[in-house]
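Q: next comes the sequence, and after it the predicted model I'd like to discuss.
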Amino acid sequence: MGERPRWVTLYDPRVPYARASDDTALYYEVHGDGEQTLLLLPGQSNGHHWWNSARPDFDSVFRTVVLDYRGIGDSDKPDTDSYSTKGFALDALAVLDDVGAERVHVYGTSMGGRVAQWLAAEHAERVDRLVLGCTSPGSPHGIERGENVRRALGQRDARAARHALLELMYTPEWMAANPGPYNTIGVRGTPSHVLRRHRRASAEHDSWDALPSITAPTLVVHGTDDVFNPTENAPLLAKRIPGARMELIAGARHAYFEEFRSVASPLVLDFLTEVS
């Protein structure tokens, strides 16, 4: 027999995997012991570690589910045209089915917020309450990052590009006090074909026409100093989703949920636990 491709997961029966509709193995973890399930969705080219800092704030109240997107971490890494924000939403449903969660709260940040939009718009029966953090409706209606940001991230010097990404995520003051490691800047060892397909999936997202169909109570959260995913996207989403409310966190950049955790987590918890 030939050697298995390096992007195919070798199953360990002790580790939780769900199977997507195309048989892709999807790694996930379940934490907490609350009666209500909360699905936490990470950003582009990231996995469950994205939530390491903030997740404990929710574990005491909910059963939290975190996952590795296809291509990331311990999930399979197919080199196929199976990567899209709609497709990631279907993968998330496969995970929820595997843990037996019929109706859940969903909190997605960055690209995870784009995935969460499709969950709420196209699978409304599965979503109780929805939180969209530092995200956008996508092109052509969303506000795109500036050319200066693209140039900074596209530098050939990998260390300079990494530093530019960190400065988009966190304030210099916070980085000085928290030297890492940082769980929001990608998963080490991710294959180039996955990075390329994740970038395309996020870039091609366009939920504009679907947003008015969202019926779940929705909270839109964004940092006022986010230029990675410009803050102007927050009011676009809040106005487009019926009944949505918006909260802006002063001084926060893209990773508001980590650096401004003491503000963001209670804000989200209050929303998720309020009595309708």
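A: Done, it's in.
Q: can you list the weak-confidence ranges in this protein?
A: When the per-residue scores of the chain are filtered using pLDDT under 70, the ranges that remain are 1-15, 276.
Q: what ranges does it have for its strands?
A: In order along the chain, the chain carries the following strands (DSSP state E): 17-19, 25-31, 37-41, 63-67, 104-109, 127-133, 218-223, 245-249.
Q: in TSV: these, plus distance to residue 77 and mean neighbour count.
A: All C-beta spots, glycine's among them, are computed from the backbone N, C-alpha and C. Written out in TSV, the entries for the strands of the chain read as follows (distance: least, C-beta to C-beta, whole Å; neighbours: other C-beta atoms under 10 Å):
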stretch	distance to residue 77	mean neighbour count
strand 17-19	13	18
strand 25-31	10	21
strand 37-41	19	26
strand 63-67	14	24
strand 104-109	22	27
strand 127-133	26	25
strand 218-223	31	26
strand 245-249	34	17
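Q: and residue 185, how far is that from residue 205?
A: From residue 185 over to residue 205 the distance is 20 Å, taken as C-beta to C-beta, to the nearest Å.
Q: so for these two, which residue has more residues nearby?
A: The residue with the greater number of neighbours, taking residue 185 and residue 205 and applying other C-beta atoms under 10 Å, is residue 205; the counts read 24 against 19.
Q: for the nearest residue to the more buried one once chain neighbours are set aside, list each beta-bridge partner.
A: Counting by C-beta to C-beta, 6 or more residues apart in numbering, the nearest residue to residue 205 once its immediate chain neighbours are dropped is residue 138, at 3.5 Å. Beta bridges link residue 138 to residue 206 when assigned by DSSP bridges.
Q: a markdown table please, covering the strands of the chain and showing distance to residue 155.
A: Written out in a markdown table, the entries for those read as follows (distance: least, C-beta to C-beta, whole Å):
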| stretch | distance to residue 155 |
| --- | --- |
| strand 17-19 | 37 |
| strand 25-31 | 31 |
| strand 37-41 | 28 |
| strand 63-67 | 31 |
| strand 104-109 | 25 |
| strand 127-133 | 27 |
| strand 218-223 | 23 |
| strand 245-249 | 28 |
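Q: residue 152 is nearest to which of the ones you listed?
A: With distances scored as C-beta to C-beta, the stretch of the strands of the chain nearest to residue 152 is strand 218-223 (17.8 Å).
Q: sorry, back to before: who wins for proximity to residue 91 among the strands of the chain?
A: strand 25-31 (5.5 Å).
Q: pairing partners for that closest one, with directions?
A: According to DSSP bridges, strand 25-31 has the following sheet partners: strand 17-19 (antiparallel), strand 63-67 (antiparallel).
Q: output these as CSV; include the columns distance to residue 272.
A: As requested, the strands paired with strand 25-31 are arranged in CSV below (distance: least, C-beta to C-beta, whole Å):
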stretch, distance to residue 272
strand 17-19, 23
strand 63-67, 11
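Q: could you give the bridge partners of the closest residue to residue 116 other than its chain neighbours?
A: Once its chain neighbours are removed from consideration, residue 116 has its nearest residue in residue 108; the separation is 3.2 Å (C-beta to C-beta, 6+ apart). Taking DSSP bridges as the rule, residue 108 bridges to residue 41, residue 132.
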